[in-house]
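Novice: Pasting the sequence and the predicted coordinates here, then a few questions.
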Amino acid sequence: MKKLRFISIVVLGFASLYASSIETILLQTKSYNISGEFASYDFNENGLIEPSDWTFKSSDGSVYQLLGDTSETNVAKYGVFGWKPLSDFTPNTPSFYLTYLGKDVDGDGSTKFDWVVVDNSSGSTYKLAGQNTTTKSFSYENTSNIKASIDTSSKTIIFTSTIATSSSTLSNEQKYALAFMWHEEKMAYDIYNELYKINPAQQLKNIANNSEIKHIGFVQDLVKKYDINITNLKDYAVNYSQVELEALPVGKFAIEPIQKLYDTLYEKGIKTMQDTFEVGCMVEVTDVNDLNEFIAKSGAMTDIIDTFTILRDDSYTHYWAFDSGLKTLGVFNGCCSLGDTYCKTAQEYPSTKGNN
């Protein structure tokens, strides 16, 4: 009853698209460290579990009362949660476990609400969404397509999808979209690393090893989820094979248009540093165009849409990194020096991140 009362206080309805975005991010990482535990405690001794009747035990063993001290001084020190440190206090059995996502996954410009709460008894998961400034209570969003299991021995939370999946739920066009984008992300990773060996621009190294490698993994998670073999596009009945994907050499692809694009861009990029940066502009614009096309054809497959949206948003940022590289070399128009096809505005390619 205490858990239900707690959830009824703080859970509000949110748009399903936002929910599916958070669910996609949770499934991509799958396992998170336990950051802390919530347990109810009737501090007011009135027989009710109110918003401040919760303890938080952090991963280092420190115990706090949620909203125990909401004075300006304490909020300035501990933030909107109003943590009140408790000494020599033994919390009750945890009702919820929490994990801190560590980045701004909801795009609100802050990470203070980027926490996920897991019900210890049901495995239901809730994304912290905000705070009512009047009552100080918190609102949570139910990520209904995700369940979690708690591994107290390794102190981790493992997230899994509750949606049954089969490649038969995808059209051949959607299967091709996954195959194509896996190869295209590999193409970006390969060409940036290969060009770095010749023209060692830091942008190439950062984007390849901090972003493109993750993009490959994001798409591969979907390929594995739907059990698609993306090295044999003539027969989608053949099952997913990680061994075949890992066996693909650098600069080699099972999709002919991508193979031709790689070969062409590599020959251009090895000439000069300017050519290298221009190849970066061309890769990212091509990536965005293809992602836009496939997103439009994804129908109701929100996991594909959300994953491709993450990739596209990162490509916006990568574009500006290469644009900046060209301008540093004295190419006044940056990527726009390549013509209208590759000339983008900040409105077309919005980016809230620093250049990689």
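Specialist: Thanks, I have the structure now.
Novice: all contacts plus neighbour counts: C-alpha atoms, from now on.
Specialist: Noted.
Novice: End to end on stretch 338-345, go ahead and measure it.
Specialist: Start-to-end span of stretch 338-345 (C-alpha to C-alpha, to the nearest Å) is 14 Å.
Novice: Buried residues of it, list them for me.
Specialist: In terms of neighbour count (16 or more other C-alpha atoms under 10 Å), stretch 338-345 has its buried residues at 342, 343, 344.
Novice: and what of stretch 225-245?
Specialist: Using 16+ other C-alpha under 10 Å as the test for burial, stretch 225-245 gives 226, 227, 228, 229, 230, 231, 232, 233, 236, 239, 240, 245.
Novice: can you pull out the helices in the stretch 251-356 of the chain?
Specialist: For the stretch 251-356 of the chain, the helices defined by DSSP state H, counting those that start in this stretch cover 256-269, 273-296, 302-328.
Novice: swap that for the chain, sorry
Specialist: 2-10, 16-29, 72-78, 172-198, 202-207, 213-225, 242-247, 256-269, 273-296, 302-328 (DSSP state H).
Novice: closest one to residue 149 among those?
Specialist: With C-alpha to C-alpha as the measure, helix 16-29 is the member of the helices of the chain nearest residue 149 (12.8 Å).
Novice: Now mean neighbour count too, for the helices of the stretch 251-356 of the chain, in JSON lines please.
Specialist: Shown next, in JSON lines, are the helices of the stretch 251-356 of the chain (neighbours: other C-alpha atoms under 10 Å):
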{"stretch": "helix 256-269", "mean neighbour count": "16"}
{"stretch": "helix 273-296", "mean neighbour count": "21"}
{"stretch": "helix 302-328", "mean neighbour count": "21"}
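Novice: Looking at the ones you listed, spot the one closest to residue 37.
Specialist: Shortest distance between residue 37 and those, using C-alpha to C-alpha, is found for helix 302-328: 29.4 Å.
Novice: so what does that closest one touch, helix or strand wise?
Specialist: The elements that helix 302-328 packs onto, with contact taken as 3 or more C-alpha pairs under 8 Å, 6 or more residues apart in numbering; DSSP states H and E, are helix 16-29, helix 202-207, helix 213-225, helix 273-296.
Novice: Please render those as TSV that adds distance to residue 39 and mean pLDDT to the earlier fields.
Specialist: Output for the helices and strands packed on helix 302-328, formatted as TSV (distance: least, C-alpha to C-alpha, whole Å; pLDDT from 0 to 100):
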stretch	distance to residue 39	mean pLDDT
helix 16-29	23	57
helix 202-207	42	95
helix 213-225	34	90
helix 273-296	42	98
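Novice: Export those helices to TSV and append columns for distance to residue 316.
Specialist: What follows is those, written out as TSV (distance: least, C-alpha to C-alpha, whole Å):
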stretch	distance to residue 316
helix 16-29	18
helix 202-207	12
helix 213-225	14
helix 273-296	7
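Novice: so which of those comes closest to residue 126?
Specialist: helix 16-29 (9.7 Å).
Novice: how much space between residue 71 and residue 161?
Specialist: Residue 71 is 41 Å from residue 161, by C-alpha to C-alpha.
Novice: For these two, indicate the residue with more neighbours.
Specialist: Legend: neighbour count by other C-alpha atoms under 10 Å for residue 71 and residue 161, higher for residue 161 (16 against 11).
Novice: Okay, now the unreliable bits of the stretch 101-250 of the chain?
Specialist: By pLDDT under 70, the low-scoring segments of the stretch 101-250 of the chain are 142, 144, 162-168, 234-237.
Novice: at 80 what do you get?
Specialist: Applying pLDDT under 80 to the stretch 101-250 of the chain picks out residues 103-108, 121-122, 132-138, 140-147, 160-168, 232-238.
Novice: could you dump the strand ranked longest in the chain to CSV, C-alpha only?
Specialist: With secondary structure taken from DSSP state E, the chain has its longest strand at strand 138-151. Output in CSV follows, covering the C-alpha atoms of strand 138-151 (Å, rounded to 0.1, in the frame of the first residue of the first chain):
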residue,chain,number,x,y,z
PHE,A,138,8.0,14.8,-7.8
SER,A,139,6.4,13.6,-11.0
TYR,A,140,7.4,10.3,-12.6
GLU,A,141,6.7,8.8,-16.0
ASN,A,142,5.8,5.1,-16.3
THR,A,143,8.0,3.5,-18.9
SER,A,144,5.4,0.8,-19.5
ASN,A,145,7.4,-1.2,-22.1
ILE,A,146,10.3,-1.8,-19.8
LYS,A,147,10.8,-4.2,-16.9
ALA,A,148,13.8,-4.3,-14.6
SER,A,149,15.4,-6.9,-12.4
ILE,A,150,17.7,-6.1,-9.5
ASP,A,151,21.0,-7.9,-9.0
